[in-house]
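**Student:** Model the structure of this input:
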Amino acid sequence: MTEHRPGGLDFLRLLSWVSPAFPTGGYAYSHGLEWAVESGAVRDVETLCAWIGALLRHGSAGNDLIILHAAWAAGRDDGRLRDIARFACACASSRERYEETVQQGEAFLRAAGVWDVVPPRAVLAGTRWPLPVAQGLVFRRGGIACGQAVLSGGYAAVAALVSAAVRLVPLGQTDGLRALSRLEPVLVEAARQAQAQALEDVGGACFGSDLAAMHHETQETRLFRT
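**Tutor:** Numbering: from 1, shown residues only. Modelled structure (predicted):
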């Protein structure tokens, strides 16, 4: 069961943990979106929503929701969390995808340590910690309910991609907000499905996004690390 904090402290913590200002370095990663913009696959609100929507329904973003849910369900079972972390690492489809998820995940754990909701250093040692696993364990130990945890992790990912597109396409701030608005029902449905799925359901068919992440490794002009 989730431990709820008095006076809405769990909600205040969640606001901090999904804030763009939370120091995970998320502004430096585009999840291959930079190549998609370079190649013309993403060029406006419509194509951006189609790209992110596909990731939620059939690709890495939806998989991350399943993994986050599994980590939340593991609670304080450190051995199970390590197994989920290794599984999530193995799911990375390219070098940059792997670097993106573990670098953000471990930065997330370092920052969340301020709230005393992170396992001891000895428990974390020897394992790389992808972002959805870090989010799941922190949200659970921080008193965030399951549905809110999964939805919040998904929102953070979608918001980061939209923010990257605002800079890359470029889109105006209003068009960025339009994209967030249009993606809300897609995210809600993806989060609902993730809570009914297990790690065995992880998989995808977003080959264009996977290839974009690989192409980004050799892209000549880059603003983002991935």
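**Student:** In this protein, what residue spans correspond to helices?
**Tutor:** 9-17, 33-39, 45-58, 60-74, 78-90, 95-112, 121-124, 131-141, 146-168, 173-194, 207-216 (DSSP state H).
**Student:** quick one: low-confidence ranges for this protein?
**Tutor:** Filtered on pLDDT under 70, the chain yields the residue ranges 1-7.
**Student:** Contact partners for the residue nearest the centre of it?
**Tutor:** Compute the mean C-alpha point of the chain, and by C-alpha atoms, centre = their mean the closest residue is residue 157, 4.3 Å away. Neighbouring residues of residue 157 by C-beta atoms under 8 Å, 6 or more residues apart in numbering: 61, 64. For every residue, glycine as well, the C-beta is placed using N, CA and C.
**Student:** ok, now how distant is it from residue 40?
**Tutor:** 23 Å (C-beta to C-beta, to the nearest Å).
**Student:** Likewise for residue 149?
**Tutor:** 36 Å.
**Student:** Could you check which of these two has the larger neighbour count?
**Tutor:** Comparing residue 149 with residue 40 by other C-beta atoms under 10 Å, the one with more neighbours is residue 149, at 29 against 8.
**Student:** Nearest to residue 27, out of the helices of the chain?
**Tutor:** Residue 27 lies closest, by C-beta to C-beta, to one member of the helices of the chain: helix 146-168, at 7.0 Å.
**Student:** got the angle for the closest one vs helix 173-194?
**Tutor:** Interaxial angle, helix 146-168 versus helix 173-194 (axes from the mean of the first three to the mean of the last three C-alpha atoms, to 10 degrees): 150 degrees.
**Student:** got the angle for helix 146-168 vs helix 131-141?
**Tutor:** Using the same axes, to 10 degrees, helix 146-168 lies at 140 degrees relative to helix 131-141.
**Student:** Identify each buried residue in helix 146-168, please.
**Tutor:** 146, 148-166, 168 (16 or more other C-beta atoms under 10 Å).
**Student:** ok, now stretch 98-116?
**Tutor:** Neighbour-count burial for stretch 98-116, with 16+ other C-beta under 10 Å as criterion, is recorded at 98, 100-109, 111-112.
**Student:** What of stretch 208-226?
**Tutor:** 208-213, 215-216, 224, 226.
**Student:** any idea how far it is from the chain center?
**Tutor:** Relative to the chain's own centre, stretch 208-226 is displaced by 18 Å; criterion: C-alpha atoms, centre = their mean, to the nearest Å.
**Student:** repeat for stretch 81-96
**Tutor:** The answer for stretch 81-96 is 13 Å, by C-alpha atoms, centre = their mean.
**Student:** Contacts only, for the closest residue to residue 180 other than its chain neighbours.
**Tutor:** Closest residue in space to residue 180, ignoring its immediate chain neighbours: residue 162 at 5.6 Å, by C-beta to C-beta, 6 or more residues apart in numbering. By C-beta under 8 Å, 6+ apart, the residues touching residue 162 are 48, 52, 176, 179-180, 183.
**Student:** for residue 112, same thing?
**Tutor:** For residue 112, the contact set (C-beta under 8 Å, 6+ apart) comprises 17, 118, 134, 138, 142.
**Student:** repeat for residue 31
**Tutor:** 55, 60, 97, 100, 160-161, 164, 209, 213, 226.
**Student:** Relative to residue 206, how far out is it?
**Tutor:** Residue 31 is 11 Å from residue 206, by C-beta to C-beta.
**Student:** shared neighbours, these two?
**Tutor:** With C-beta under 8 Å, 6+ apart as the test, residue 31 and residue 206 both reach 55, 60.
**Student:** Kind regards, and thank you for your time.
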